[in-house]
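Peer 1: need coordinates for the below:
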Amino acid sequence: MVSYYYYRLFQPRHKSSLQTEQLKKVTGITDPENIQENLPNFIEYCMTTPDYPRFSWPEFVADWVDRRDVLHLSYERLLTDAAGSLTEALNFIGEPLPDDDWINEVIEKHSFAAKTRRKPGEEDKQNFLRKGIAGDWRNKFSDEAIEVFDHYAGDALARLGYAPSRSSETVPVKTLT
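Peer 2: Next up is the predicted model:
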């Protein structure tokens with residue numbers, strides 16, 4: 001959600017678009033830099049009014065998570081075990097495994113540092129490859145944003161193994177103002 005926030009509000013192709021201005025108006029965003037204040041309304045908007053890509057993230061997860069013909073790789077695993085992830089993906093699609101040198105060359109060629117000329121963690125809000133690290137949401141989500149995201153996507157997080165299994169309790173959520 002943090003990546004999507006930056007993509008929608010800071011990417012040059014979106015920054016001055018009518019769609020972005022509409023998004024700011026509907027969500028009450030006046031200062032995009034204040035992500036902690038804006039994120040709860042942005043999350044609610046994205047979960048209840050999916051204008052693009054016309055479905056919400058929990059709907060996307062529900063459609064794909066249990067399919068046996070889909071390989072699930074997490075961003076965290078790609079960062080910590082790129083070689084194992086690439087090998088698993090090649091195995092999954094039935095490709096012969098190349099040698100370790102080829103795998104390491106591919107990983108290096110497509111690394112965050114090679115693509116951006118920045119170290120992971122060095123942020124560029126204007127770049128699609130903004131920061132190159134996992135877990136930055138912890139620095140951006142307020143308690144309210146956590147509640148709103150949990151309300152709409154907590155089940156999806158649990159299904160993907162990012163959160164404990166959930167009960168049928170509902171979490172109260174603030175509505176857009």
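
Peer 1: quick one: buried residues of the longest helix along the chain?
Peer 2: In the chain, assigned by DSSP state H, the helix with the most residues is helix 143-159. By 16 or more other C-beta atoms under 10 Å, the buried positions in helix 143-159 come out as 144-157, 159. C-beta here means a position set from N, CA and C on the backbone, and glycine is covered the same way.

Peer 1: for stretch 74-89, same thing?
Peer 2: Per 16+ other C-beta under 10 Å, stretch 74-89 contains these buried residues: 79, 82, 85, 86, 87.

Peer 1: so for the second one, what's the nearest residue that isn't a sequence neighbour?
Peer 2: Going back to what we said before, that points to residue 82. In space, residue 82 comes closest to residue 107 once its chain neighbours are excluded; the distance is 4.6 Å by C-beta to C-beta, 6 or more residues apart in numbering.

Peer 1: which SS class is that neighbour?
Peer 2: helix (DSSP: H, G, I helix; E, B strand; the rest coil).

Peer 1: was I right about it contacting residue 83?
Peer 2: Yes. Using C-beta atoms under 8 Å, residue 107 is in contact with residue 83, at 6.3 Å.

Peer 1: hmm, what's the outermost residue in this structure?
Peer 2: Note on the chain: the largest C-alpha distance from the chain mean falls to residue 99, namely 31.4 Å (C-alpha atoms, centre = their mean).

Peer 1: now that residue: how far from residue 135?
Peer 2: Computed as C-beta to C-beta, to the nearest Å, the residue 99 to residue 135 distance reads 32 Å.

Peer 1: what is the host helix or strand of residue 22 packed up against?
Peer 2: Element membership for residue 22 (DSSP states H and E) is helix 18-27. Here helix 18-27 touches helix 2-10, helix 35-48, going by 3 or more C-beta pairs under 8 Å, 6 or more residues apart in numbering; DSSP states H and E.

Peer 1: now tell me what touches the last one from outside.
Peer 2: Put plainly, it is helix 35-48. For helix 35-48, contacts defined as C-beta atoms under 8 Å, 6 or more residues apart in numbering pick out 1-2, 4-5, 23, 26-29, 31-32, 56-58, 140-142, 144-145, 147-149, 152-153, 173-177.

Peer 1: and if you look at stretch 7-19?
Peer 2: 20, 23, 24, 29, 32, 51, 52, 125, 126, 128.
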